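**Student:** sequence first, predicted coordinates after that:
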Amino acid sequence: MIKKFSLLPDVVITVSIIFIICLSILVLYSSDPELALQQAVFASFGLIIYLFLTMINFEYLGRFFYPSYLIIIGLLVLTYLIGLETRGSLRWIPLGVFQFQPSELAKPMIALVLAYFWQTRLTSWRNLFLSLLIILPSLFLIFQQPDLGTSLTILALWFFGLIGANLSNFKLVSLIGLGVVMVPILNLFLHDYQKTRLLNFLSPTQDPLGAGYNVIQSTIAVGSGGILGRGLGHGTQSRLRFLPEFRTDFMFASVAEEFGLLGGALILVLYGLIIYRSLLVLCKIKSRFYQVLVFSSVGLIFFQVTVNIGMNIGIMPVTGITLPLLSYGGSSLISTLILLSFISSAAKNS
């Protein structure tokens, strides 16, 4: 099961992970020590999982992926039966003190299933359709929660997996063109508030107290931080609650307000190190399984970072996609650490 044993994961990725998590806990502690403690518990548990999974060669565990994926689908169905409704969405299963979000665990599981699927298959149109069918049940269940942000991440995971499986340029351009054509059709299935979010990011000032409020307050927070920031715990936008969801969706704006341009740049550098190191690992991989797994994992992290920071500075619509490792949330944090463990595992085992 383990090709070569080592207790040490990839140093660059691991150090960057720890720095981002520590910054997250520090900012959370300045606003709510209890939430910071919870996040520290999630982080400790997640890092243990990360260290363990980096020692495993997942290429030899393919027969377990499909049954495990069916369990995830079962949990997504269970969410509709016993899930906790928050702001009109059914996304979390209550587990006593904590809440569990099955859609987050679906991300690394889908990455493994797609890597196993493409391990021995060419990217023909038939196989493209079959791979889409694999993610369709979870995609549908997550979209109906409703959770547009996570639905988009699942689609991104599928798309980056295709590129990792050596999708031809013609098929790549064709899929992008098909996606553009499908946008008006998909718009018919969106909820009214989702449509409003997507439209108002182009001109948030048209509804400054409604749909445009989040983006306006976020850009104010980022801009008011200046070069050095207002100081830890002194961000007026976040601490006075003008900035909504300042611990989750708009965590980057909260950090930029309190630590300024330097703090925001530090976050970008740390994510850049993770992505750069992942691409170096990818260049050395000979295993097709790990090529797909690593490309989909790093592609998803890049997608989430780009979309989240983009919506924090007002150049992308608000979709509810959190910032990996930095935003508050145990399920999201553990899911991201599992994805990153795939990359460290590839560095050792491929």
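**Tutor:** Nice, I can see it. The shown structure was predicted, so the numbers you read here are calculated from the model rather than taken from an experiment.

**Student:** tell me where the stretch 251-350 of the chain has helices.
**Tutor:** 251-284, 288-312, 330-349 (DSSP state H, counting those that start in this stretch).

**Student:** strands of the stretch 1-150 of the chain, residue ranges please.
**Tutor:** 84-86, 89-95, 98-100 (DSSP state E, counting those that start in this stretch).

**Student:** I'd like these written out as CSV, with mean pLDDT and mean neighbour count added.
**Tutor:** No exception for glycine: its C-beta is placed from N, CA and C like everyone else's. Shown next, in CSV, are these (pLDDT from 0 to 100; neighbours: other C-beta atoms under 10 Å):
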stretch, mean pLDDT, mean neighbour count
strand 84-86, 79, 12
strand 89-95, 85, 16
strand 98-100, 83, 16
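
**Student:** any chance of the ones you listed in a markdown table, with distance to Phe295 too?
**Tutor:** A markdown table is the format used below for the strands of the stretch 1-150 of the chain (distance: least, C-beta to C-beta, whole Å):
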| stretch | distance to Phe295 |
| --- | --- |
| strand 84-86 | 33 |
| strand 89-95 | 27 |
| strand 98-100 | 28 |
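
**Student:** picking that back up, ok, which of the helices of the stretch 251-350 of the chain comes nearest Phe42?
**Tutor:** Checking these against Phe42 by C-beta to C-beta gives helix 330-349 as the closest, at 3.5 Å.

**Student:** same for that closest one, what does it pack against?
**Tutor:** Judged by 3 or more C-beta pairs under 8 Å, 6 or more residues apart in numbering; DSSP states H and E, helix 330-349 is in contact with helix 11-31, helix 33-53, strand 98-100, helix 102-118, helix 251-284, helix 288-312.

**Student:** between those, which gets nearest to Pro244?
**Tutor:** helix 251-284 (10.1 Å).

**Student:** helices or strands up against the closest one?
**Tutor:** Identification of packing neighbours for helix 251-284 by 3+ C-beta pairs under 8 Å, 6+ apart yields helix 11-31, helix 213-224, helix 236-239, helix 288-312, helix 330-349.

**Student:** relative to helix 213-224, how tilted is it?
**Tutor:** Angle, helix 251-284 to helix 213-224, by axes from the mean of the first three to the mean of the last three C-alpha atoms, to 10 degrees: 80 degrees.

**Student:** rewinding a little: with distance to Leu130 and mean neighbour count added, can I get the helices and strands packed on helix 251-284 in a markdown table?
**Tutor:** As requested, those are exported to a markdown table (distance: least, C-beta to C-beta, whole Å; neighbours: other C-beta atoms under 10 Å):
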| stretch | distance to Leu130 | mean neighbour count |
| --- | --- | --- |
| helix 11-31 | 32 | 19 |
| helix 213-224 | 39 | 21 |
| helix 236-239 | 46 | 21 |
| helix 288-312 | 14 | 24 |
| helix 330-349 | 22 | 24 |
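
**Student:** wait, which of those helices is closest to Leu141?
**Tutor:** Judging these by C-beta to C-beta, what sits closest to Leu141 is helix 330-349, at 15.6 Å.

**Student:** C-alpha coordinates for that closest one, PDB please?
**Tutor:** Extracted in PDB, the C-alpha atoms of helix 330-349 (Å, rounded to 0.1, in the frame of the first residue of the first chain):
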ATOM      1  CA  GLY A 330     -14.100  22.500   9.800                       C
ATOM      2  CA  SER A 331     -15.500  20.600   6.800                       C
ATOM      3  CA  SER A 332     -13.900  22.900   4.300                       C
ATOM      4  CA  LEU A 333     -10.600  22.900   6.100                       C
ATOM      5  CA  ILE A 334     -10.400  19.100   6.300                       C
ATOM      6  CA  SER A 335     -11.500  18.700   2.700                       C
ATOM      7  CA  THR A 336      -8.700  21.000   1.500                       C
ATOM      8  CA  LEU A 337      -6.100  19.200   3.700                       C
ATOM      9  CA  ILE A 338      -7.200  15.900   2.100                       C
ATOM     10  CA  LEU A 339      -6.800  17.400  -1.400                       C
ATOM     11  CA  LEU A 340      -3.300  18.700  -0.500                       C
ATOM     12  CA  SER A 341      -2.400  15.300   1.000                       C
ATOM     13  CA  PHE A 342      -2.900  13.800  -2.500                       C
ATOM     14  CA  ILE A 343      -0.200  16.100  -3.800                       C
ATOM     15  CA  SER A 344       2.200  15.200  -1.100                       C
ATOM     16  CA  SER A 345       1.400  11.500  -1.600                       C
ATOM     17  CA  ALA A 346       2.200  11.900  -5.300                       C
ATOM     18  CA  ALA A 347       5.500  13.500  -4.500                       C
ATOM     19  CA  LYS A 348       6.500  10.300  -2.700                       C
ATOM     20  CA  ASN A 349       4.700   7.500  -4.500                       C
END
